[in-house]
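**Student:** Below are the sequence and a predicted model for it; my questions follow.
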Amino acid sequence: MQSDQTSPNLSRREFVAATAAAGLLSMAGSLGFAKDTLAAEAFAMPPLPYPDNALEPVISANTISFHYSKHTKLYYDNTNKILETKPMAGMTLEKVFLEAAKDAAAMALFNNAAQAWNHTFYWNGLKAGGGGEPKGKLAEMIHESFGGLENCLKALTEAAVTQFGSGWAWLAVEGGKLAAVKTGNAGNPMTNGQKPLLAIDVWEHAYYLDYQNRRADYVKAVLEKLVNWEFAAKNLEA
Ligand SMILES: [Fe+2]
């Protein structure tokens, strides 16, 4: 089942609502079945907010197809599979991974639920014809926190390129200021009390088909041509 509640300009609040709604839709869809066939709760993977080829030539349709239909889908499927035996009814996907992060025995749930969330956040933080300059309060905070957009992009690039192995680079709010942070594997800034505004996936599956080992080229192209500043601005206000 897929939710139709996402859009290219999905804000973090709308994103949370969409992922929660997806779970509720799945629950509603299970009503009417015999009690023993009821699914506890399932999160539906939101649709991509653009066609597979929309981000070319920066990210190929081939990469998007595998990354969304295989990798992202597997994280949702695994999350739902684990939740069948560990019901966390009524929780948003965000709440599920934040709760799982507190429990060392729930590492598989954390990894899959956080990756499902991170990927949907990443897809919505990209758009065809992105890049350019942020506006409004986001632009002001970038100036205050980094001394300008160029320094902000440098900091994000540094975080993305220096993340050792798989992980993520993020623009996040910490203590009222913006920061470029990185997390390993399925990590998410929210587990450190930071509020994510944008994500760059630096797992090899995000760029290897198009850029092979040249992660820095992928990051540069994403920041210059795809990054969705309107999505970041909405998250700042959320
Ligand atoms: Fe990924």
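**Tutor:** That came in fine, so what should we check first?
**Student:** And this protein, what are its domain boundaries?
**Tutor:** 12-50+60-124, 136-237 (automatic domain parsing).
**Student:** Kindly report the residues of this protein close to the ion.
**Tutor:** The chain comes close to the ion at residues D201, W203, A206, as judged by CB under 5 Å from the ion. Using the backbone N, CA and C atoms, a C-beta is placed for each residue, glycine as well.
**Student:** which residue packs closest to the last one, ignoring adjacent ones?
**Tutor:** Going back to what we said before, that points to A206. Nearest-residue entry for A206: H67, 6.2 Å, with adjacent residues in sequence omitted and distances by CB to CB, 6 or more residues apart in numbering.
**Student:** Doesn't L48 belong to a strand?
**Tutor:** No: counting by DSSP: H, G, I helix; E, B strand; the rest coil, L48 falls outside a strand, being coil.
**Student:** Phi and psi next, for it.
**Tutor:** Phi and psi for L48, reported as degrees, to the nearest 10, are phi -60, psi 140.
**Student:** residues in contact with it?
**Tutor:** I64, Y68, W123 (CB atoms under 8 Å, 6 or more residues apart in numbering).
**Student:** How far does stretch 222-234 stretch from one end to the other?
**Tutor:** Start and end residues of stretch 222-234 are separated by 19 Å (CA to CA, to the nearest Å).
**Student:** Strands along the protein, start to end?
**Tutor:** 167-174, 177-184, 195-201 (DSSP state E).
**Student:** The ones you listed: which one's closest to K86?
**Tutor:** Closest to K86 of the strands of the chain is strand 177-184 (CB to CB; 23.4 Å).
**Student:** Tabulate the strands of the chain (JSON lines), appending mean neighbour count and mean pLDDT.
**Tutor:** Output for the strands of the chain, formatted as JSON lines (neighbours: other CB atoms under 10 Å; pLDDT from 0 to 100):
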{"stretch": "strand 167-174", "mean neighbour count": "24", "mean pLDDT": "98"}
{"stretch": "strand 177-184", "mean neighbour count": "19", "mean pLDDT": "98"}
{"stretch": "strand 195-201", "mean neighbour count": "24", "mean pLDDT": "98"}
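**Student:** In TSV: the ones you listed, plus distance to E237.
**Tutor:** Shown next, in TSV, are the strands of the chain (distance: least, CB to CB, whole Å):
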stretch	distance to E237
strand 167-174	11
strand 177-184	14
strand 195-201	10
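**Student:** Let's have the domains of the chain in TSV, adding distance to G130.
**Tutor:** Shown next, in TSV, are these (distance: least, CB to CB, whole Å):
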stretch	distance to G130
domain 12-50+60-124	11
domain 136-237	4
